[in-house]
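Undergrad: just coords:
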């Protein structure tokens, strides 16, 4: 590997390490174990959503509905729990909601041939409407079952349990995307759909799967969000839209340059969360974070534009 | 390499901001600063605290629950000396409030609701304000005639105001509700209000005596619609709640339809929160001596043309 | 000797256009059989039918004397017919071995999970590649780092991996330079040496003359003539231009 390839492959990762070292040295209390666990906990929601978006993008489809689907799943869970349905059932219903939304996206893209850029925007709007329909705009709030809240707030020793869930999901997503036939088929579908089809790969299935994994990720994130906040509101995941996309784009600047990849998305999410945590510890005012996020998005797209263009403009 | 440069620049920027002294450090978090009332609240807290020589850091959660939780966690990890939160939510952030308490960080909330883990909540009494506005509106139309209602269900305060209005209307059956629009969108809400109310006003042209809206931002839009429909001050009574310089200006302005509002003194509340925090966290006074219960109620004032000059700056 | 593959009386219409009006083709085992003809002669349609991309309106296809019907590209592949289309259909941003094993990746069992066996795929890819072009050794290299001729080799390796007995090459030298064309000719000869039957569709008469054991020339959707023996490029061009049906 020559120097250029090393920068292309590991540049962003090394910049993330540099950011980490900088914060260790200069941000008060950044290095404390409690804060580092805090950072990892905050990464959880963002990274799981980003994994989903990444899978869809590997299949060369854009899922712009994941944040609203996540909010919808959340209010489904909140609604069921507040009507005293057993929480495991509520959780199952929330995750299923995400999966169904993903399947719907897959159907729209592969059967009705609506480009994902458009169809997922439609799904996003439907999900938002349903979320308001279920809630009437009012958030579900309560002091819910401790076993359920444990999913979001619980700790094993000093480690928040949600970090363990996230690492498990990271491992599963990594194995699926890089070590299984299914993962390679999704990738081949995204790289060259015609070539994949002629090689006997079920390309429609792969696109549906990519979008469904995104829905699944939205549903899982909803479970953790609701359990962490003990409430569910119709736009509670709205903020994750831009951040999730930014994490994935940032991820595309490392490890396998210009390609969406799970590990990259995780590190991307980590960088974004470290930055927002670090900025608070350094005493930065609120608007600095939005400015930084914008810079990250633009810089990462500048570095790895081609895949996104293919997914966005495959009209 | 560009990426690295960008990050380094960000680091330098952040570093420059970190080089402040070891003054009393106050973290301020507003749930949604795009709402004017919250911005007024958070900015006043920041300004008042700086007068005391405190270091303040103002954060905005952009209306996102998880962002709010993260920001609270981050401030706790930073080890701020105290926190003042605008329009936070006690149940959702119970874990964070508890963590702050465990870390010995005193928290005062503003218009958030009380929590066992915070000192107290500084707030006007929403029910009192709502009933004042409701009765005032009905008074201006002699407790008879037709009204339109502009509601907002997804905000607790605004919802309470609507419910109180309903109770008052129930006791006054000679006042008829011709139409009611409930704001559904939270981001493009201005457009939502304009569309819904325009339709109701057109439908009931010449037949409306009073209009009630759940917060002043809505009333300003309704005022514009009424003026576009060619009405003049006094044709229709327009009453809402919150207060603010623009609303006061319109109450005084003979060219506007705005009749009255109930002014929540966000600036006073913010100043009070900072002052109480100083007495408790710096001067060491006991919380129980200052505010015995979970709430510090701040009186709100009904503002109409008779007293608007006291409020106009 | 029974033909390895025979197509008899193939008809195919696209709306009002009669693309094929009863074309027949017999390909003997182990030969390089070229299909030539001017544009519109029906070459592409015939190839699409043999590859399972299109289905004939009428006519029979048989492999080693047994009637077959290809409903999909996969069906043709399973019957031992691999088609390398003009656009190659490679994923340029993926590794050579991933392209060669696309759709038929090898796996091994790890703790009960079926995980990719990348080492074995790389090793076997190297084996396939060595039969064709021993200058390519890094199976992790991306296809977009390869020359046109080398990409053709990757596509042919995929056909070998499918264990196809018949390889159909659609315009394999179109858009290639002189040296790369020579590489591809060498690839086709290697295929024949490896015992494969090759159907070659080409406009390049020199290539056909250099490679083909027999040539079937089509004209406006019908058989014009099938030629055997030493053929020159000029002679072939003459047949195509004149429509001459004498052998």
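TA: Received it, and whenever you're ready, just let me know what you need. Computed from a predicted structure; not experimentally measured. Numbers count the residues shown, from 1 in each chain, chains lettered A, B, ... in the order given.

Undergrad: next helix or strand past the lowest-mean-pLDDT helix or strand in chain B?
TA: For chain B, counting by mean pLDDT, DSSP states H and E, helix B:2-18 ranks last in confidence among helices and strands (a mean of 48). Moving toward the C-terminus from helix B:2-18, the next helix or strand (DSSP states H and E) is strand B:25-30.

Undergrad: what's in contact with that following strand?
TA: B:38-39, B:41-42, B:45-46, B:49, B:54-61, B:68, B:71-72, B:75, B:78, B:80-88, B:274, B:277 (C-beta atoms under 8 Å, 6 or more residues apart in numbering or on different chains). In this view, the C-beta of every residue, glycine as well, is placed from N, C-alpha and C.

Undergrad: now do stretch A:234-242
TA: A:45-46, A:49, A:64, A:66-68, A:70-71, A:74-75, A:128, A:131-132, A:134-135, A:137, A:139, A:218, A:221-222, A:225, A:229, A:293, A:297, B:62-67, B:154, B:186.

Undergrad: now swap in stretch B:217-233 and tell me
TA: Outside stretch B:217-233, the residues touching it (C-beta under 8 Å, 6+ apart) are B:35-36, B:150, B:152, B:183, B:189-190, B:193-194, B:197-198, B:201-202, B:205, B:211, B:213, B:235-236, B:238-240, B:242, B:246-247, B:250, B:254-258, B:261.

Undergrad: of those, list those near chain A.
TA: Within the set of the contacts of stretch B:217-233, contact with chain A (C-beta under 8 Å from any C-beta of the partner chain) is found for residue B:152.

Undergrad: now list the buried members of the contacts of stretch B:217-233.
TA: Among the contacts of stretch B:217-233, those buried by neighbour count (16 or more other C-beta atoms under 10 Å in any protein chain shown) are B:35-36, B:150, B:152, B:183, B:189, B:193-194, B:197-198, B:201, B:211, B:213, B:236, B:238-240, B:242, B:247, B:250, B:256-258, B:261.

Undergrad: which SSE is the residue of the stretch 201-313 of chain B found nearest chain C in?
TA: Proximity of the stretch 201-313 of chain B to chain C (C-beta to the nearest C-beta) peaks at residue B:217, 50.7 Å away. In this assignment (DSSP H and E), residue B:217 forms part of helix B:216-228.

Undergrad: list the buried residues of that helix.
TA: B:216-226.

Undergrad: any idea of the mean pLDDT for that helix?
TA: Helix B:216-228 shows a mean pLDDT of 91.

Undergrad: ok now it, how far from the chain's centre?
TA: 19 Å (C-alpha atoms, centre = their mean, to the nearest Å).

Undergrad: kindly report the same for stretch A:224-240.
TA: 14 Å.

Undergrad: endpoint to endpoint, that stretch covers what distance?
TA: 14 Å (C-alpha to C-alpha, to the nearest Å).

Undergrad: which parts of that stretch are buried?
TA: Quick answer for stretch A:224-240 (16+ other C-beta under 10 Å): A:224-240.

Undergrad: can you check stretch A:284-291 too?
TA: Those would be A:284-286, A:288-289, for stretch A:284-291 by 16+ other C-beta under 10 Å.

Undergrad: and chain B, which of the residues you listed reach it?
TA: A:284-286, A:288.

Undergrad: to what extent is residue B:209 buried, counted in neighbours?
TA: Here the count is done by other C-beta atoms under 10 Å in any protein chain shown, and residue B:209 has 20 residues near it.

Undergrad: I misspoke; the intended subject was residue C:18.
TA: 16.

Undergrad: what does residue C:9 give?
TA: 13.

Undergrad: so it sits in a strand?
TA: Yes - Residue C:9: assigned to a strand according to DSSP: H, G, I helix; E, B strand; the rest coil.

Undergrad: who's in contact with it?
TA: Contacts of residue C:9 (C-beta under 8 Å, 6+ apart): C:22-24, C:58-60.

Undergrad: would you list the buried entries among the residues you listed?
TA: C:23, C:59.

Undergrad: hmm, back to that, just the closest of the ones next to chain B among the buried residues of stretch A:284-291 to chain B, please.
TA: residue A:286 (3.9 Å).

Undergrad: how about the residues of chain C by chain A?
TA: So far as C-beta under 8 Å from any C-beta goes, chain C lies against chain A at C:73-74, C:77, C:85, C:87-94, C:98-99, C:102-105, C:107, C:113-116, C:158.

Undergrad: looking at those, which are in helices?
TA: C:73-74, C:77, C:98-99, C:158 (DSSP state H).

Undergrad: sorry, back to before: narrow the contacts of strand B:25-30 to just the buried residues.
TA: B:38-39, B:41-42, B:45-46, B:49, B:54-61, B:68, B:71-72, B:75, B:78, B:80-88, B:274, B:277.
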